[in-house]
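1. Sequence and predicted structure are below.
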Protein chains: 2
Amino acid sequence: MSTVESSSARDLPPAARVRRLAEHVGATVRVQGWLANRRSAGKLQFLQVRDGSGTVQCVGRKNVLGDELFEQLDGLSQESSLEVWGEVKADERSPGGVELQMAGARVVRAAAEYPITNKEHSTGFLMAHRHLWLRSSKQAATLRVRSRIIKAIRDFFDSRDFVNFDAPMFTPSACEGTSTLFEVDYFGEPAYLTQSGQLYGEAGAMALGKIYTFGPTFRAEKSKTRRHLTEFWMIEPEVAFATLDDVMDLAEDFLCSVVQDVLKDCRPELELLGRDLSKLEAIQKPFPRLSYDEAIEKLKELGHEVPWGEDFGAPDEEALVAAYDKPLLVHRYPHPVKAFYMKRDPNDDRVALCVDVLAPEGYGEIIGGSERADDLDYLLDQIQKHELPMEAFEWYLDLRRFGSVPHGGFGLGLERTVAWITGTRHIRECIPFPRMLHKIYP
Amino acid sequence: MSTVESSSARDLPPAARVRRLAEHVGATVRVQGWLANRRSAGKLQFLQVRDGSGTVQCVGRKNVLGDELFEQLDGLSQESSLEVWGEVKADERSPGGVELQMAGARVVRAAAEYPITNKEHSTGFLMAHRHLWLRSSKQAATLRVRSRIIKAIRDFFDSRDFVNFDAPMFTPSACEGTSTLFEVDYFGEPAYLTQSGQLYGEAGAMALGKIYTFGPTFRAEKSKTRRHLTEFWMIEPEVAFATLDDVMDLAEDFLCSVVQDVLKDCRPELELLGRDLSKLEAIQKPFPRLSYDEAIEKLKELGHEVPWGEDFGAPDEEALVAAYDKPLLVHRYPHPVKAFYMKRDPNDDRVALCVDVLAPEGYGEIIGGSERADDLDYLLDQIQKHELPMEAFEWYLDLRRFGSVPHGGFGLGLERTVAWITGTRHIRECIPFPRMLHKIYP
């Protein structure tokens, strides 16, 4: 192996990132990255060099590079690190519209034989090598889109004067039942990892008017499905004085804004992932809205009989959304299938003022929201009926004792949203290091 | 108590947020919020109404409001929720430059007797009522600045093409020793909560070039100090091909950018908090940089004898930074006092290529960074010497087996940064719900 030298300039051309090479056509620049692939054709060789922002084809001629360097590159293993420099040439056939005519190169460090090749690998193998699998073009593209989605989410709320309000990870109690809680030894006492920042977000909304939490949440899910992780990120806006209609309008504006931002900046990634962009371009207001009652009727038409009062199963949801090309808002579910803190509909005591947003194309529920119960006595009653520990909720009840107001919000699952927008079937590929049942390495 | 009605318009004037009232001078608007304070003077009363974005004085005249409403407002308890509407008048004496001439009002819900009054309360009392204490003007201002700092941090990295790369919370091992780890029951197996996203961030940098992690991190700190929380947020950029000089330049540009953004948007909050703005305006490039050796010399001049090889204590750091009005970069500490993954200085094998950034005014270390060891054999040796579990680091060592490159990054503690910028002595006030030894409620 050659030694790693300092990357400082040493009279080499200025460094440029692959994604921005089209801005440098005609200039001589240096790309710092890794060898993704290569092939030779006599006195020519073609190196695919990736730098994390994209991949560029670098064309090396033996008469330019000299015999020694040409041979060294010719034998270079996949994922070896290197610097390559030369003139940026416009080339319409190339993915980024450019290629690099190599004037020189330097191997930083030759790689050992790389375990991930162009062959098919099992998912188990790839997951065990997640730290390397991240380097593949599709995984890297998915994570760049994830990053852009995070920014789009934050930009939406920041531009509307929401305050980012971080909810705690350690909590003394569960928000929605105790069966899927992770327990931590907190200096000898039991504590639990948060399942939702919402209750804390409500305290934030009473203090700051409009807030959003955005952080990891945890569920000890024993089911292995393509839609579940034990650790996933949630964004949860909460708005004082908001009604269910306000919550639905906010969710609609929000999803449109996120999809538009991603379409604006991530076309190369979405194309690389084979995403049908027309499906995303269709995400425009207004979204269809069905009450639970209307959804039951619609399902009956579609051949799915769901008895009133039951929650929808995944096949029901898939049948329902197949009728639309936009996210579908289903509101006012029977209150027993929803959380204790939701407000009842004053016009129909059987249902809660809640909404689920189902992603199109069968990507499942991405948002759950509601108007929150603002009456102290109602909440006291609910906590007793759900057999939740009253003392753990005393602070939450204080929010109704001191200046209760109508308020509401929703929670969006980040990884499910990334799966939908990128067209990824399994959410384990939508987070850098997924955590699942019996899976925390690497 | 009056009942909570829907907040939908009901022929009332349009709602406006307090922070934006100056844009509505001469217009009639409605403010939705809580009664922070009030006083009466005969047929006049002055309500201080807060809505989470700020507080506005609302002037009520008996002849306008009518006897019944005037009396109702006159007896209203602190933190009662209400809507108030009327014309926005410019008023130079008011904090936001405006006040509201009340045309009407509606009590949403009268509050029970509020526990936090204008009297002095003990910190223990306030912390036990954190969910309500958040509503006080200083706590709310601190959290609005926190939110703006988070945005400034993200904007800095996003605008420089960094990819936001979330590191996992559940980890199989410790990054920097095991004494302060929180253990979780992970489906019957032990797992640990992350102390730093860095090692995962390095995998991200090899895949994506430039990344930053931004999430909660955990330390089971048994010491109760004003600078420690068990759960705190860290931002950790990691850059492929970066040297220590690059890391120091990045940290310097980064801190300047964050302080400037906050100064631009948060003057009302900083003034309310009594922050000396001139101290923040002085945060301009270049920052002073001292090697550890130079710092030892400087400390000797200041009467602090530190034997070469020892880490600095808090009193040493405070003496050192008192000589400067900007963050101080101290680089190249003796390697035994630093983490195993740091690269040695090729020009002086006794020291690591690392940097600590000490905030001015005694706010302590806010950044720790380094160039990372990129040589496989060196790391193997270090992991053995530190008696770390080799099998847990196999994936990390792969980053050196397959395309190792010089790289580096740093970690910034969010709450310490908020404390410094807002001038808050104790970091427990710099996060919505602080977690400390034996303290996870509310």
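-> Cool, the structure landed. Bear in mind the structure is a predicted one, so any value in this text is a computation, not a measurement.

2. does the closest residue to residue A:269 other than its chain neighbours sit in a helix or strand, and which one?
-> Distances taken as C-beta to C-beta, 6 or more residues apart in numbering or on different chains place residue A:141 nearest to residue A:269, at 4.0 Å, with adjacent residues excluded. Every residue, glycine included, has its C-beta placed from N, CA and C. Using DSSP states H and E, residue A:141 sits within helix A:137-159.

3. That helix vs helix B:137-159, what angle?
-> For helix A:137-159 against helix B:137-159, the angle by axes from the mean of the first three to the mean of the last three C-alpha atoms, to 10 degrees is 140 degrees.

4. Can you identify the element that follows the longest strand seen in chain A toward the C-terminus?
-> Longest strand in chain A, counting residues (DSSP state E): strand A:28-41. Downstream of strand A:28-41, the next assigned helix or strand under DSSP H and E is strand A:44-50.

5. Just the angle for that next one relative to strand A:28-41, thanks.
-> Going by the same axes, to 10 degrees, strand A:44-50 makes 120 degrees with strand A:28-41.

6. so how far is strand A:44-50 from its chain's centroid?
-> The gap between where strand A:44-50 is centred and where its chain is centred comes out at 32 Å by C-alpha atoms, centre = their mean, to the nearest Å.

7. Just the buried residues of the longest strand of chain A, please?
-> A:28, A:29, A:30, A:31, A:32, A:33, A:34, A:35, A:36, A:38 (16 or more other C-beta atoms under 10 Å in any protein chain shown).

8. will you turn those into a markdown table that also has distance to residue A:64?
-> Formatted as a markdown table, those follow (distance: C-beta to C-beta, whole Å):
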| residue | distance to residue A:64 |
| --- | --- |
| A:28 | 13 |
| A:29 | 16 |
| A:30 | 15 |
| A:31 | 16 |
| A:32 | 20 |
| A:33 | 20 |
| A:34 | 22 |
| A:35 | 18 |
| A:36 | 22 |
| A:38 | 16 |
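
9. what about the longest strand of chain A and chain B, touching?
-> Yes - Strand A:28-41 is in contact with chain B by C-beta under 8 Å from any C-beta of the partner chain, via A:32, A:33, A:34, A:35.

10. so what pLDDT did the residue in the stretch 151-300 of chain A positioned nearest to chain B get?
-> Nearest to chain B, among the residues of the stretch 151-300 of chain A, is residue A:209, at 2.7 Å (C-beta to the nearest C-beta). On pLDDT, residue A:209 comes in at 98.

11. Can you tell me the closest non-neighbouring residue to it?
-> Nearest non-adjacent residue to residue A:209 (C-beta to C-beta, 6+ apart): residue B:52, at 2.7 Å.

12. before we move on, what about residue A:286?
-> What sits nearest to residue A:286 in space, not counting adjacent residues and going by C-beta to C-beta, 6+ apart, is residue A:252, at 6.9 Å.

13. if I pick that neighbour, what's in contact with it?
-> By C-beta atoms under 8 Å, 6 or more residues apart in numbering or on different chains, the residues touching residue A:252 are A:285, A:286, A:287, A:327, A:329.

14. Kindly recompute the last result at 7 Å.
-> By C-beta atoms under 7 Å, 6 or more residues apart in numbering or on different chains, residue A:252 lies in contact with A:285, A:286, A:287.

15. Look up which helix or strand it falls in, please.
-> helix A:244-265.

16. Run through who's touching the helix or strand just after that helix.
-> Toward the C-terminus, helix A:244-265 is succeeded by helix A:267-272 as the next helix or strand (DSSP H and E). Residues from elsewhere that reach helix A:267-272 (C-beta under 7 Å, 6+ apart): A:137, A:138, A:141, A:144, A:145, A:277, A:422.

17. Spit out the contact partners of the third one.
-> Read it as residue A:141. The neighbourhood of residue A:141, defined by C-beta under 7 Å, 6+ apart, consists of A:269, A:272, A:273.

18. Make a markdown table from those and add neighbour count and pLDDT to it.
-> Output for the contacts of residue A:141, formatted as a markdown table (neighbours: other C-beta atoms under 10 Å in any protein chain shown; pLDDT from 0 to 100):
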| residue | neighbour count | pLDDT |
| --- | --- | --- |
| A:269 | 22 | 97 |
| A:272 | 20 | 96 |
| A:273 | 18 | 98 |
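
19. where do the strands sit along the stretch 251-400 of chain A?
-> A:289-291, A:328-331, A:344-345, A:348-352, A:354-359, A:364-371 (DSSP state E, counting those that start in this stretch).

20. Would you mind giving the ones you listed as CSV with mean pLDDT added?
-> Listed next are the strands of the stretch 251-400 of chain A as CSV, based on pLDDT from 0 to 100:
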stretch, mean pLDDT
strand A:289-291, 98
strand A:328-331, 98
strand A:344-345, 98
strand A:348-352, 98
strand A:354-359, 98
strand A:364-371, 97
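
21. okay if I get those strands as TSV plus distance to chain B?
-> Formatted as TSV, the strands of the stretch 251-400 of chain A follow (distance: least, C-beta to the nearest C-beta, whole Å):
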stretch	distance to chain B
strand A:289-291	17
strand A:328-331	15
strand A:344-345	12
strand A:348-352	15
strand A:354-359	16
strand A:364-371	9
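
22. Spell out which parts of the stretch 1-150 of chain A neighbour chain B.
-> By C-beta under 7 Å from any C-beta of the partner chain, the residues of the stretch 1-150 of chain A that approach chain B are A:4, A:6-8, A:17, A:32, A:34, A:51-53, A:79-81, A:108-109, A:111-112, A:114, A:131-132, A:134-135, A:140, A:143-144, A:147, A:150.

23. Buried subset of those residues as a ChimeraX selection?
-> In ChimeraX syntax, the buried subset of these is picked out as below (16+ other C-beta under 10 Å):
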select /A:4,7,17,32,34,51,52,53,79,80,81,108,109,111,112,114,131,132,134,135,140,143,144,147,150
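
24. Start and end of stretch A:234-246, how far apart?
-> Chord length of stretch A:234-246, first to last residue, is 20 Å (C-alpha to C-alpha, to the nearest Å).

25. check which helix or strand covers residue A:125.
-> helix A:123-128.

26. Report all helices and strands that whichever helix or strand comes after that helix contacts.
-> As assigned by DSSP H and E, the chain's next helix or strand after helix A:123-128 is helix A:130-133. The criterion is 3 or more C-beta pairs under 7 Å, 6 or more residues apart in numbering or on different chains; DSSP states H and E, and the helices and strands that helix A:130-133 contacts are helix B:394-401.

27. The helix it packs on and chain A in contact?
-> Yes - residues of helix B:394-401 contacting chain A under C-beta under 7 Å from any C-beta: B:395, B:398, B:399, B:401.

28. What separation is there between the first one and residue B:199?
-> Going back to what we said before, that points to residue B:395. Counting by C-beta to C-beta, to the nearest Å, the gap from residue B:395 to residue B:199 is 9 Å.

29. ditto for the last one
-> Between residue B:401 and residue B:199 the distance is 15 Å, computed by C-beta to C-beta.

30. before we move on, what about the third one?
-> Distance, residue B:399 to residue B:199, using C-beta to C-beta: 9 Å.

31. Residue A:240 too?
-> Residue A:240 is 41 Å from residue B:199, by C-beta to C-beta.

32. now residue A:22
-> Counting by C-beta to C-beta, the separation of residue A:22 from residue B:199 is 34 Å.

33. ok, residue A:226 touching residue A:429?
-> No - contact between residue A:226 and residue A:429 fails when scored by C-beta atoms under 7 Å: they sit 9.8 Å apart.

34. neighbour count winner among these two?
-> residue A:429 (25 against 12; other C-beta atoms under 10 Å in any protein chain shown).

35. tell me the pLDDT at residue A:421?
-> Confidence score, pLDDT, at residue A:421: 98.

36. For it, which non-adjacent residue is spatially closest?
-> Spatial nearest neighbour of residue A:421, chain neighbours left out: residue A:262 (5.7 Å); criterion: C-beta to C-beta, 6+ apart.
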